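have a look at this fold, sequence not included:
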């Protein structure tokens, strides 16, 4: 495993175990389930974020986050007040006990610091990943073909779009491009983490594109460069994982406005308390008022908002999907129609044996054994699947040679004299047995030639039925006798129907696109459990379908790889391009899957939803928290003039000072407590919106009201036990 | 509370539940220009209005044109009202030889009636002539109410139209609201009130000689015509200073029940109208449920607290088992007066049938909180709906909507930065006006000259005045001398901010929502109907309201009640 891989794929931990279970339902190939390496709370990351956290205290940077900026201002104000008081510059007003103001000041600074630390922590992993990628990008030399056909050596940074370069075995490909000559294997581990080399050849649409930074492991390729320096895939990838150019998403901006609005609202509520207090006959001190303000403004979500966004992008990256913007991840949460290609996405794309039907008058055992014999030396996936099916059937029939019965199989194999390989002219293959007879399988019309008798009607009916189902019939014969028919069909990937069922629960409709005829398409659609299908689809049909869905108010996601797909991928609200696809398609997409696994769209949608849920839950929690803080601080503020207000002190906090201090400490600590939740995302299980809402409202809404009552009381017990206030 | 008191509450609620779909459908049909029962009579009249005023009936307006029309209407009406009130001493119909209002008072009064507040710093009998009462104030009771309804309808259209640029035509909505919705019901209502003994006359005040030989002046006038629309339009400005406590405004238990019905009727029915626009009645009933849950909790609390009376008085001796009767009419009783206080502030009516100043401190919290929520339970005519949809639904859907894993949407339309900006602006404007003016009054000499009581009760009086005016409610806690330059001017601004500070951003929001293409609903869509949504809506409205005003409320009614419980009073 390469370094890049180990950094990109990071364990989904405890907090997301449910999510992981959901993810692990994915069928397909063993696939890109992120293998465990380093966790969110890895000590190295924890340490590396400390420095940046302090640097982020710079007010010029912090002003982007109005809530935390206000906290920083108040922290500075309280610090100055304390200095003015201890130096005797200004008389002390309000509670002053043992370093009360100093303690408040310290905790206010911690509040800001915890928020910047959360952001730095979220960024730390991206930075590490970017550093590894940057090493890959290091300056290499390239051989550029001149107009006259001769070659010249230039630095990779001098390559421009349209240049033609030549790369030899063992060299690093200096830039993004399309293969125009030659065939060769390229190791893309630096980008995808996949160490098995990939075949690249010209004109194949999806296999012709190469990425700068990958290595040619065989042969020689001539490549037309498709990106200028600084605009290559690798450059963009570095920029994305580093979060340097991270733009706030539309929803984040709207949320930031809400938070700023709430901050202003609480500022009004707190500032007017000074005159109200004067009316009541008391001067409420600045420090307690500031403490109340900071407790009320939504510091929890304000402090964690950007960390949640960065972590969401990072979760997508851990699935080896590169999102071009946070907006794309957010949009994937909104998707309610998914357009999936049949071949390669819903089905494996290769035909496998599904059933063996004996011809009339032939015992099933004979037909099955013939199938086994005809395929025992056939190493194609089809052949292997025939063997597997035949052996399974033999076990069921209680015959030797069944699954697991190696001796039986060997004895059957011993009846074979020699293999009859597939030849284009006969269109059959099989084996010559030691008794001299030939057992063959092949296309029905090929097998039907020169039989002893005409092909039985039942067999013809069966082959027709198989064709109608969209599958392929293969007939079996032993010399002049027809023995039966094998049905080969394209198999739906394991686990997909269950996935689609989960999506249906979330209100997401899956639509299959295929070039098959409607009957075939309907049969596969039923098997896969998709909600709808488009049969006999031409590339432009996808586009028309997406447009029609969007006009009806749906948000559509699709995957694509060919240049043909590019317009539809661009039109879709979420377009996931395969890394193996053409650069046109990748340009059009807002996400690229480095593993080229189209079913990953499903993961991306789940991550998008999880990101939004995390953001909403912590917002709700943050606002709900305020109720308890009022009950802690308001009685304390007016304790001197209205001691009766202590009736509101339902938590029974020890003293006015400890009440205020405890609320401030709780307010700071809750940020750090929620950092893991913000980075991992709240647990997510596919369910209808009403169920999700009910659950999350209970946990984060009701929990948000109750938790601080307990938390503040607990802090108060500690604070008064230590005689801090 | 007694069984009779409970029956009043229950029958009132049931009557509203029955009337809401009927009247709500009627309003929808009227506003969309469909044929209704009264069309044969009113349609020619309506067309005549358009011809005379040069209104193009089918000419739709975008949000800016709609807003400008509302503001032009307001400006013209405020100036005209000001002029009449300043010159009322020389204008006709001044049988009572009433002097002109002072400049600051006339400003306050004119703004008050145009903003549907009906805060009165003058006494109806001696401060306004019949011309001012019937020609200016009663007319504006109709137009200001119809304007509130028009803005709500514009918001409904904005939320439910698909990719539209326009919100309707303000002048048409206004005309239809007055002609079809308010006028016919008010005529019938006024006649019922006359039947129950409410005067309707142009005669001057009657001078009578009592049996004891004393001379008494009994004020009368065109009361009934103003009385019904006062309640139905959620205006609240009484013909008499004593408002609905006056026997000529509200003679008996039946009229009291009818007046409460009238003040709830239109605001409640608009929830159903909203359901008609949304094409889903559950949307409307859900809003109804949230509004009434808040209203009824407050109402029942108020009834109970008033009936329980003052803990410092032995109930059987001083209160005769009737509860807190200070400042109340014997014919209504303590509990029903508490109910009326909750209803008049839950709607932005502001009519009163008892002195709110004399309510138990914690009861006083109910009207205060109702007003500080922004008058949305069910609120002012139209104003309640647009407030509830903006501060309630839009914010709730935004805060909690993310928790279903989609970016927030309401009625299929995405709630984005612009909408949040506008919704927050509305909420902030409310808070800024109430808290800001209260703070100003508590630290300035002219402000402190207002309240008649010291201590937390005086604070409540000031807080109540600005909550009422900002909320466009108009009820007074009394106990505050409001007719001073300071309170007239600050009050007028509070009313203007509370009205147009909400209308402008809300129409902007409506315009932005109208332009959006709705997203199709699915299982994954955030449900904005049903119990869960009701709970959420209440939660957001109450928590946002409580978080803004809890400190102020704790220094007013809450601490006063606590002090009272501890035996400490402020005589």
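All right, it came through fine. Being a predicted model, the structure only gives us computed values, none of them experimental.

what is the least confident helix or strand in chain B?
Lowest on mean pLDDT, DSSP states H and E among the helices and strands of chain B sits helix B:315-318, with a mean of 58.

next SSE after that helix?
Beyond helix B:315-318 on the C-terminal side, the first helix or strand identified by DSSP states H and E is helix B:334-346.

the helix or strand just after that following helix versus helix B:334-346: what angle between them?
Using DSSP H and E, the helix or strand that follows helix B:334-346 in sequence is helix B:361-372. Orientation check (axes from the mean of the first three to the mean of the last three C-alpha atoms, to 10 degrees): helix B:361-372 against helix B:334-346 gives 20 degrees.

contacts for the following helix or strand past helix B:361-372, please.
As assigned by DSSP H and E, the chain's next helix or strand after helix B:361-372 is helix B:383-387. Contacts of helix B:383-387 with the rest of the structure, by C-beta atoms under 8 Å, 6 or more residues apart in numbering or on different chains, involve B:116, B:148, B:151-152, B:155-156, B:234, B:267, B:270-271, B:274, B:287, B:291, B:347-348, B:374-380, B:426, B:472, B:499, B:502-503, B:506. Every residue, glycine included, has its C-beta placed from N, CA and C.

average pLDDT for helix B:383-387?
Summarised as a single mean, pLDDT over helix B:383-387 is 94.

now find how far off-centre it is within its chain.
From the chain centre to the centre of helix B:383-387 is a distance of 10 Å (C-alpha atoms, centre = their mean, to the nearest Å).

then stretch A:546-566?
19 Å.

how about stretch B:137-151?
11 Å.

can you pull the phi/psi pair for the residue in the stretch 401-550 of chain A positioned nearest to chain B?
Proximity of the stretch 401-550 of chain A to chain B (C-beta to the nearest C-beta) peaks at residue A:507, 3.1 Å away. The phi and psi values for residue A:507, taken as degrees, to the nearest 10, are phi 80, psi 20.

show me the shaky parts of the stretch 251-400 of chain B.
Counting by pLDDT under 70, the stretch 251-400 of chain B shows low-confidence ranges at B:314-321.

count residues in the vicinity of residue B:202, would you?
11 (other C-beta atoms under 10 Å in any protein chain shown).

give me the pLDDT for it.
83.

cool, residue A:299 as well?
Residue A:299 carries a pLDDT value of 95.

state whether it and residue A:66 are indeed in contact, as I suppose.
No - Residue A:299 lies out of contact with residue A:66 (C-beta atoms under 8 Å); the separation is 11.3 Å.

please identify which of those two sits among more neighbours.
residue A:299 (27 against 18).

what about residue A:328, which SS state?
Recorded secondary structure, residue A:328: helix (DSSP: H, G, I helix; E, B strand; the rest coil).

right, and it touches residue A:572 too?
No - the criterion here is C-beta under 8 Å, and residue A:328 misses it with residue A:572 at 10.6 Å.

which one's more surrounded, these two?
Using other C-beta under 10 Å as the criterion, residue A:328 and residue A:572 rank with residue A:572 on top: 29 against 24.

tell me the phi and psi of that one?
phi -60, psi 150.

could you measure it against chain B, distance?
15 Å (C-beta to the nearest C-beta, to the nearest Å).

state the distance from that residue to residue A:592.
Distance, residue A:572 to residue A:592, by C-beta to C-beta, to the nearest Å: 14 Å.

which residue is the nearest non-sequential neighbour of the residue nearest in space to the middle of chain B?
Centroid check for chain B by C-alpha atoms, centre = their mean gives residue B:348 as the closest residue, at 1.3 Å. Nearest non-adjacent residue to residue B:348, counting by C-beta to C-beta, 6 or more residues apart in numbering or on different chains: residue B:380, 3.2 Å away.

isn't the residue of the stretch 401-550 of chain A closest to chain B up against residue A:689?
Yes - counting by C-beta under 8 Å, residue A:507 does reach residue A:689; the two are 6.8 Å apart.

find residues that contact each of these two.
B:523-525.

would you list those residues in CSV and tack on neighbour count?
Conversion of the shared contacts of residue A:507 and residue A:689 to CSV gives the following (neighbours: other C-beta atoms under 10 Å in any protein chain shown):
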residue, neighbour count
B:523, 18
B:524, 26
B:525, 19
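
for chain A, which residue gets nearest to chain B?
Counting by C-beta to the nearest C-beta, chain A gets nearest chain B through residue A:616, at 2.5 Å.

quick check: which element contains that residue?
helix A:600-637.

show me which residues of that helix are buried.
A:600-637 (16 or more other C-beta atoms under 10 Å in any protein chain shown).

report the contact partners of the residue in the stretch 151-300 of chain B positioned nearest to chain A.
Ranking the residues of the stretch 151-300 of chain B by distance to chain A (C-beta to the nearest C-beta) places residue B:162 first, at 8.7 Å. Residues near residue B:162 by C-beta under 8 Å, 6+ apart: B:517-518.

quick one, grab the pLDDT at it.
91.

sec struct for it, please.
Per three-state DSSP, residue B:162 ends up coil.

would you list every one of the strands in the stretch 451-600 of chain A?
Ranges of strands in the stretch 451-600 of chain A, per DSSP state E, counting those that start in this stretch, are A:472-478, A:481-492, A:509-513, A:532-534, A:556-560, A:574-578, A:591-593.

I'd like those as CSV, with mean neighbour count appended.
Shown next, in CSV, are the strands of the stretch 451-600 of chain A (neighbours: other C-beta under 10 Å):
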stretch, mean neighbour count
strand A:472-478, 25
strand A:481-492, 23
strand A:509-513, 23
strand A:532-534, 19
strand A:556-560, 28
strand A:574-578, 27
strand A:591-593, 25
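
save those strands as TSV, and put in distance to chain B and mean pLDDT too.
Compiled in TSV, those are given as follows (distance: least, C-beta to the nearest C-beta, whole Å; pLDDT from 0 to 100):
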stretch	distance to chain B	mean pLDDT
strand A:472-478	37	88
strand A:481-492	23	87
strand A:509-513	8	91
strand A:532-534	14	92
strand A:556-560	11	89
strand A:574-578	13	89
strand A:591-593	17	88
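
so which of those strands gets nearest residue B:432?
strand A:574-578 (41.1 Å; C-beta to C-beta).

tell me the strands beside the closest one, with direction?
Here strand A:574-578 is paired, per DSSP bridges, with strand A:556-560 (parallel), strand A:591-593 (parallel).

want to throw these into TSV with distance to residue B:467?
Converted to TSV, these look like this (distance: least, C-beta to C-beta, whole Å):
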stretch	distance to residue B:467
strand A:556-560	49
strand A:591-593	51
